[in-house]
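Novice: Predicted model and sequence follow; I will ask about them next.
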Amino acid sequence: MALSISFTDIFTSFIPYLVTVMAWWSFLVLVCVVLVVSQKNHFVFGEPQVPCYFVFGDSLSDVGNNNDLLTTAKSNYAPYGIDYPEGPTGRFGNGRILVDIIAELLGFEKSPPPYAYTRGVDILKGVNYASGGAGILNETGRHMGDEIPMDEQLQNHKKIVTKIVKQFGNDKSLAANYLAKCIYTVTIGSNDYLNNYFLPQFYPTSREYTPDQFATLLFQRYSQQLQQLYDQGARKVGVFGLGLLGCTILVKEWYGIEGDLSCAENVTYAVSLFNERLESLVYNDDLVGAKFTYINFAGIGLTGFSALTGFTVLSTSCCTVRATDGACIPNENPCDNRGDYVFWDAVHTTEAANAIYATRAYSALLPTDAYPYDLQYLATLDSSIESFQDQLKASLSSD
Ligand SMILES: *[C@@H]1O[C@H](CO)[C@@H](O)[C@H](O)[C@H]1NC(C)=O
Ligand SMILES: *[C@@H]1O[C@H](CO)[C@@H](O)[C@H](O)[C@H]1NC(C)=O
């Protein structure tokens, strides 16, 4: 079935975006100085602001869950991890990734360990379930091999929650109270576009659904998944919107798009339809006592990177990449001036860029960065646990 949207429609719908973009760019001059100054004081450890941090998502959040899977969506080889103390760990970047920096900002000494390697007592402070290539849909990313889709990440979390309830001596009230205090973040959906909808050679979805229908499908599934997370005791959830996927080097290579400011508009448009729906989700009143907040990844991306914030290379990757999937070619030397680059490989950002994303998700620079709350504020919220404890107790897995 042909897409029912003409280029005129796409262009017209972009005008508000363009205006917003221009407004943001002019505002940038004011804010970048503040950002550079305020960033300096962030990376210090203290008592964590919340007792635990659970991470769900895709390669933006994966810290090694794919290492033992049969897939090409892996990054546990050089030059990945060149700036990470432990070297290549399965993080899709040169150094710390988004969730590592968020964990630091929340005051944790360690990023939550990958579910694949976590054993015993280290689960109380949180676990990372994220998997490179994974999506909201089970089928997403399968052309690369195995991965852990969102549904399965939630099943894994359920097993961890059962263990945590045991560690609380099977006292479900205590466990519920504890789990409600944790921060949960989810970065998922990018692969449903990059490794599904926009890969018609492997997946039929772009022939079966218009961008609007596909966004609705994803949103419905995602809503159910977040409901499950809630049923497992999550009350403080940071939901990351999708980034500027049409501006990734990989996508621009696919379509032969050149220039720092040019992006694949059909990709950006399709993704914006999903983001719009997701934004509305945070005001969902059905999930009593829960605080969901939307992190505007695309907005931070639009305003975060320029020479003013220290980025001079906006659309070239730092490592030499494979044409097939944009991952770094093993053992090739990457660029030296990694702090100047936004992109590490053709899809994933550098540690320097991740610091911008994480810092602004944690402590919003613009009101549009995170709403209704940034993660720092989310951490301080009392999610009215007492009154909803019984309900929460009842919903916790009763193995
Ligand atoms: C996705 O896969 C999981 C098993 O890993 C299954 O439980 C779930 O029902 C599947 N979801 C759909 C919509 O088929
Ligand atoms: C997106 O646009 C590119 C051209 O820029 C085109 O080649 C591609 O087929 C489009 N994809 C879809 C799913 O519409």
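Specialist: Here it is on my side, so go on. Numbering: from 1, shown residues only. Ligands and ions are numbered 1, 2, ... in the order given.

Novice: and the closest residue to ligand 2 within the stretch 101-250 of the chain, helix, strand or coil?
Specialist: Ligand 2 sits closest to residue 206 of the stretch 101-250 of the chain, with a gap of 4.1 Å, by C-beta to the nearest ligand atom. No exception for glycine: its C-beta is placed from N, CA and C like everyone else's. Here residue 206 is recorded as helix under DSSP: H, G, I helix; E, B strand; the rest coil.

Novice: wait, isn't residue 135 in contact with residue 149?
Specialist: Yes - judged on C-beta atoms under 8 Å, residue 135 makes contact with residue 149 at a distance of 6.0 Å.

Novice: more crowded one of those two?
Specialist: The neighbour count for residue 135 versus residue 149, taken as other C-beta atoms under 10 Å, is higher for residue 135 (28 against 24).

Novice: picking up where we left off before, give me the pLDDT value at the residue of the stretch 101-250 of the chain closest to ligand 2.
Specialist: Note for residue 206: predicted pLDDT of 98.

Novice: What residues does residue 358 make contact with?
Specialist: By C-beta atoms under 8 Å, 6 or more residues apart in numbering, the contact set of residue 358 is 98, 99, 101, 102, 105.

Novice: for the stretch 251-399 of the chain, what spans make up the helices?
Specialist: 265-281, 297-304, 351-362, 375-380, 385-395 (DSSP state H, counting those that start in this stretch).

Novice: Out of those, point me to the one whose mean pLDDT is lowest.
Specialist: Of all these, helix 385-395 carries the lowest average pLDDT, namely a mean of 53.

Novice: Run a quick neighbour tally on residue 375.
Specialist: Residue neighbour count, defined by other C-beta under 10 Å, stands at 25 for residue 375.

Novice: I'd guessed it sits against residue 238; true?
Specialist: Yes - between residue 375 and residue 238 there is a contact at 5.3 Å, judged by C-beta under 8 Å.

Novice: Report the set of residues contacting both of those two.
Specialist: Residues touching both residue 375 and residue 238 (C-beta under 8 Å, 6+ apart) are 183, 185, 293, 295, 361.

Novice: rewinding a little: nearest to residue 215, out of the contacts of residue 358: which one, please.
Specialist: Here the nearest of the contacts of residue 358 to residue 215, counting by C-beta to C-beta, is residue 98; it sits at 23.1 Å.

Novice: show me what contacts the closest one?
Specialist: Taking C-beta under 8 Å, 6+ apart as the test, what residue 98 contacts is 60, 61, 187, 354, 357, 358, 361.

Novice: Dump these to TSV, plus distance to residue 162.
Specialist: As requested, the contacts of residue 98 are arranged in TSV below (distance: C-beta to C-beta, whole Å):
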residue	distance to residue 162
60	27
61	23
187	25
354	32
357	33
358	30
361	30
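
Novice: By neighbours, which of those residues wins?
Specialist: Going by other C-beta under 10 Å, residue 61 tops those with 29 neighbours.

Novice: That residue contacts residue 185, correct?
Specialist: Yes - with contacts counted by C-beta under 8 Å, residue 61 reaches residue 185, the gap being 7.2 Å.

Novice: Now the common contact residues for these two.
Specialist: 55, 99.

Novice: Do any residues in stretch 117-131 lie close to ligand 1?
Specialist: No - Stretch 117-131 is not in contact with ligand 1 by C-beta under 6 Å from any ligand atom; minimum separation 12.0 Å.

Novice: ok, residues contacting that stretch?
Specialist: Contacts of stretch 117-131 (C-beta under 8 Å, 6+ apart): 48, 51-66, 69, 73, 99, 108, 110-115, 147-149, 153, 156-157, 160, 163-164, 167, 182, 187.

Novice: Next: stretch 245-260.
Specialist: Defining contact as C-beta under 8 Å, 6+ apart, one finds that stretch 245-260 is touched by 190, 193-194, 198, 262-269, 271, 301, 314-317, 321, 323, 325-326, 343, 345-347.

Novice: Check stretch 234-241 too.
Specialist: By C-beta under 8 Å, 6+ apart, the residues outside stretch 234-241 that reach it are 50, 54, 57, 60, 179-187, 226, 229-230, 275, 278-279, 281-282, 289-298, 361, 370, 375, 378-379, 381, 383, 385, 392.

Novice: what does stretch 66-78 give?
Specialist: Contact with stretch 66-78 is made by 59, 62, 64, 81, 87-93, 114, 116, 131-133, 141, 144-148, 325, 327-328, 330-331, as judged by C-beta under 8 Å, 6+ apart.

Novice: Put the buried members of those residues into a PyMOL selection.
Specialist: Command for PyMOL that selects the buried part of the contacts of stretch 66-78, burial taken from 16 or more other C-beta atoms under 10 Å:
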select buried, resi 59+62+64+81+88+89+90+91+92+93+114+116+131+132+133+141+144+147+148+325+327+328
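
Novice: re earlier: put together JSON lines for the contacts of residue 98, with distance to ligand 2 on each row.
Specialist: Listed next are these as JSON lines, based on distance: C-beta to the nearest ligand atom, whole Å:
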{"residue": "60", "distance to ligand 2": "22"}
{"residue": "61", "distance to ligand 2": "26"}
{"residue": "187", "distance to ligand 2": "23"}
{"residue": "354", "distance to ligand 2": "28"}
{"residue": "357", "distance to ligand 2": "26"}
{"residue": "358", "distance to ligand 2": "31"}
{"residue": "361", "distance to ligand 2": "29"}
